[in-house]
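Chemist: with the sequence up front, the predicted model follows.
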Amino acid sequence: MARIVVAGSAYSAGTGKIIASAAADRGHTVRYVCDLGDPARPQDLGELTDAAAVLEGADAVVLVPKRGDARVHTERATRVMLEQVRRHRPGAHFVLFSSFAVGHGPAHPLNRINDTLLPARVAAERLVRAGGLPYTIVRPTWMTDDPPGSHALTLSQHPHGDGMVARSDMAAAIVAAIEQPASRSTTFSLFNEPGTPVADWAAAFAALRRDEPQEEL
């Protein structure tokens, strides 16, 4: 069983808490669920004077960026968390909660909310790929509150992947990504379709294409 840190739980519908609950249900130890606050302020997690205690023994770190200024809560928070994990828990699996809209580029309405959202998300993903840690980047589609296991779940690497996904299924996929080595070095969107739930997570992740290596930053 893994020891998991879930960071940035202050998100719509308590996404971080749903992930933490799914991990606990699988028998993992969720050591810390935190609100990142404002990474631009030294007193918040941005400078994280207690990072060693927060990350002690962690096998995986899941970052769910907060809403708000994407340059701070997505790009900078990702940079800061990567730095802290490399310093205090090198080798831990880093999971970034991103967005399916990244693959769609500037044309997608979600990326036109403001002119910083897409660049910040793209930068955060690139930081993770170049960060020198084992990683998985998950791009959920439109999230629903459907009961867990009500649908099939598709993991897609098509840049224009779209659809709807139950928050419970999204959380299950993130926990499975921590459990399954085949998820490392992958970026994928996920959405529900009619059918039965995933029965073989190892096979689902093994079918994905590994990301192209990026130069470490």
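Modeler: Ah, there it is. Numbers count the residues shown, from 1 in each chain.
Chemist: could you dump the longest strand seen in the chain to PDB, C-alpha only?
Modeler: The strand that spans the most residues within the chain, counting by DSSP state E, is strand 186-193. Output of strand 186-193 as PDB, limited to C-alpha atoms (Å, rounded to 0.1, in the frame of the first residue of the first chain):
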ATOM      1  CA  THR A 186       1.800   9.100 -19.700                       C
ATOM      2  CA  THR A 187      -0.600  11.900 -20.300                       C
ATOM      3  CA  PHE A 188      -4.300  11.100 -21.000                       C
ATOM      4  CA  SER A 189      -7.800  12.300 -20.800                       C
ATOM      5  CA  LEU A 190     -10.600  10.200 -19.500                       C
ATOM      6  CA  PHE A 191     -14.300  10.000 -20.000                       C
ATOM      7  CA  ASN A 192     -17.200   7.700 -19.400                       C
ATOM      8  CA  GLU A 193     -19.000   5.600 -22.100                       C
END
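Chemist: after the helix or strand bottoming out on mean pLDDT in the chain, next one along is what?
Modeler: Least confident helix or strand, the chain: strand 29-34 with a mean of 78, by mean pLDDT, DSSP states H and E. Counting by DSSP states H and E, the next helix or strand C-terminal to strand 29-34 is helix 51-55.
Chemist: distance between whichever helix or strand comes after that next one and the chain's centre?
Modeler: Using DSSP H and E, the next helix or strand after helix 51-55 towards the C-terminus is strand 60-63. Relative to its chain's centre, strand 60-63 lies at 7 Å (C-alpha atoms, centre = their mean, to the nearest Å).
Chemist: can you name the residues in contact with strand 60-63?
Modeler: Identification of contacts with strand 60-63 by C-beta atoms under 8 Å, 6 or more residues apart in numbering yields 2-8, 16, 19, 55, 77-78, 81, 85, 89, 92-97, 174, 178. For glycine as for every other residue, the C-beta is placed from the backbone atoms N, C-alpha and C.
Chemist: buried set for that strand?
Modeler: Buried residues in strand 60-63, counted by 16 or more other C-beta atoms under 10 Å: 60-63.
Chemist: got it, and stretch 95-113?
Modeler: So stretch 95-113, judged by 16+ other C-beta under 10 Å, has buried residues 95-104, 108, 111.
Chemist: out of these, who's nearest residue 182?
Modeler: Set against residue 182, the nearest of the buried residues of stretch 95-113 by C-beta to C-beta is residue 95 (14.1 Å).
Chemist: hang on, that closest one in a helix?
Modeler: No. Residue 95: not assigned to a helix; according to DSSP: H, G, I helix; E, B strand; the rest coil it is strand.
Chemist: how much space separates it from residue 134?
Modeler: From residue 95 across to residue 134, the span is 10 Å (C-beta to C-beta, to the nearest Å).
Chemist: same question, residue 151
Modeler: In terms of C-beta to C-beta, residue 151 sits 29 Å off from residue 134.
Chemist: more neighbours, these two?
Modeler: Taking neighbours as other C-beta atoms under 10 Å, residue 151 and residue 134 compare with residue 151 leading, 20 against 15.
Chemist: contact partners for that one?
Modeler: Contacts for residue 151 (C-beta under 8 Å, 6+ apart) come out as 166, 169, 192-195, 197.
Chemist: how far away is it from residue 179?
Modeler: From residue 151 to residue 179 the distance is 21 Å (C-beta to C-beta).
Chemist: please consider this matter closed, and thank you.
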